[in-house]
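S.K.: Just the structure for this:
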Amino acid sequence: MLSDSVCSDEISVAHSAQHVMHCPHCQSETFLGDKFCQECGGVQPAFEEQSRLSPEFFLPVLANHSKLLFVSIGVCLAVVLVLSSSVLYFGVTADLEKALSANKLNDAVVIADRLNVSRFGSLSGREAELFSDAFFRRAQVFAANKNYQFALADVIKVLPSYSKHTQAMQLRTICALSFAQRKSVTTPMVVKSKLSETKSEEPRLSIAAQRTNSTAPIGKLQNNRVETQLNRTEAQRNPIEVKNSQSILSKRTNGEALAVSTNSQKDEVDSEEADMAVYNRHLADYFMRKESRSSKASATSEPPSFSEWVQSGKSEF
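M.R.: Numbers count the residues shown, from 1 in each chain. Sure, this is the predicted structure:
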């Protein structure tokens, strides 16, 4: 009996020794099912992983690292946006090469603009070469057809890294000078046509005035009859004085009318010549500014014609 009891005690002690553990914080004995140490109150290793997965562990971590979390989310969104844009416009370069090889320059320019938008305006390498080539080739076609305004708008978009950049700049200067010369030639023709129109309208106005005078109302005719009767009575009284006064008045009115007409025509011609000189000076300054700008400009505004400039108030452009 004693031997059986001793054996049972040894078995129970050995079995309990298997379930006894030590706290990693204070090295005191703990049992297998204990979550906290009875001496120091520390969490036992078996329950630490479960506590990390619980919301009580995540909330303090999120509160302490909120800025880092927002930055990481922003970076992920930016990466997704760049990847999606590159996937959407993956075949743009290939389409541009096909359009240029088929000499479809209008389609090539449209695809080049789309390529520039997809790369956020920063092109390099092969893409920059194709972009510049599309605009340069179409500018050459416009210049050959003497459409210098459209040629100038295309050649300005050529990038500095283009292999034919010097030729593009030469074409740009030629188009600018040709466009300026055409503007300076067309403006005097417009002025001459306006002067001829005014001269041709003068006899028409005089004829119209005569017609209006001939078709005057009856009341005015009656007044004129009364005035003629009074003039006749005055002529009968003193005919010599009346004739002299009428001749003097007619000469004065004719002289004043001629002086006013000649002075007005001279003033119009002088003012138009001065306006034309100012317009040519503004036009030369305009193209000098366009040449000094960077070649990454996307578009150019058309300078106004002489008549449009005069109607807009003769302001600088």
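
S.K.: and the gap between the closest residue in space to residue 119 that isn't next to it in sequence and residue 162?
M.R.: Nearest residue to residue 119, sequence neighbours excluded (C-beta to C-beta, 6 or more residues apart in numbering): residue 127, at 6.7 Å. From N, CA and C alone the C-beta is placed, and that goes for glycine too. Using C-beta to C-beta, to the nearest Å, residue 127 is found at 12 Å from residue 162.

S.K.: Who are the packing partners of the helix or strand hosting the residue nearest to residue 119?
M.R.: Using DSSP states H and E, residue 127 sits in helix 126-144. Here helix 126-144 touches helix 92-101, helix 105-118, helix 148-155, helix 165-214, going by 3 or more C-beta pairs under 8 Å, 6 or more residues apart in numbering; DSSP states H and E.

S.K.: Pull the residues that contact that helix.
M.R.: Where contact means C-beta atoms under 8 Å, 6 or more residues apart in numbering, the residues beyond helix 126-144 that reach it are 93, 96-97, 99-100, 105-106, 108-109, 111-112, 115-116, 119, 123, 148, 150-152, 154-155, 157-159, 161-165, 167-168, 171, 174-175.

S.K.: Out of the residues you listed, which end up buried?
M.R.: Among the contacts of helix 126-144, the ones that count as buried by 16 or more other C-beta atoms under 10 Å are 93, 96, 99-100, 105, 108-109, 111-112, 115-116, 119, 123, 148, 150-152, 154-155, 157-159, 162, 168, 171, 175.

S.K.: quick one, what contacts the closest residue to residue 99 other than its chain neighbours?
M.R.: Sequence neighbours aside, residue 108 is the residue nearest to residue 99 in space, at 3.9 Å (criterion: C-beta to C-beta, 6+ apart). When the contact criterion is C-beta under 8 Å, 6+ apart, the partners of residue 108 are 96, 99, 100, 134, 137, 138.

S.K.: Let's see that with 7 Å instead.
M.R.: The contact partners of residue 108, taken as C-beta atoms under 7 Å, 6 or more residues apart in numbering, are 96, 99, 100, 134.

S.K.: separation between it and residue 91?
M.R.: Counting by C-beta to C-beta, the gap between residue 108 and residue 91 amounts to 14 Å.

S.K.: With residue 125 instead?
M.R.: Residue 125 sits at a distance of 17 Å from residue 91 (criterion: C-beta to C-beta).

S.K.: Check residue 158 too.
M.R.: Residue 158 sits 24 Å away from residue 91, going by C-beta to C-beta.

S.K.: Could you do residue 29 as well?
M.R.: 71 Å.

S.K.: With residue 120 instead?
M.R.: As defined by C-beta to C-beta, residue 120 lies at a distance of 18 Å from residue 91.

S.K.: same deal with residue 102?
M.R.: Residue 102 sits 16 Å away from residue 91, going by C-beta to C-beta.

S.K.: So residue 26 sits against residue 38, correct?
M.R.: No - between residue 26 and residue 38 there is no contact under C-beta atoms under 7 Å: 9.8 Å.

S.K.: my guess is residue 316 contacts residue 281, does it?
M.R.: No - between residue 316 and residue 281 there is no contact under C-beta under 7 Å: 9.9 Å.

S.K.: remind me which residues of the stretch 51-200 of the chain are low pLDDT?
M.R.: Filtered on pLDDT under 70, the stretch 51-200 of the chain yields the residue ranges 51-65, 85-90, 185-200.

S.K.: what about residue 28, neighbour count?
M.R.: Using other C-beta atoms under 10 Å, residue 28 has 13 neighbouring residues.
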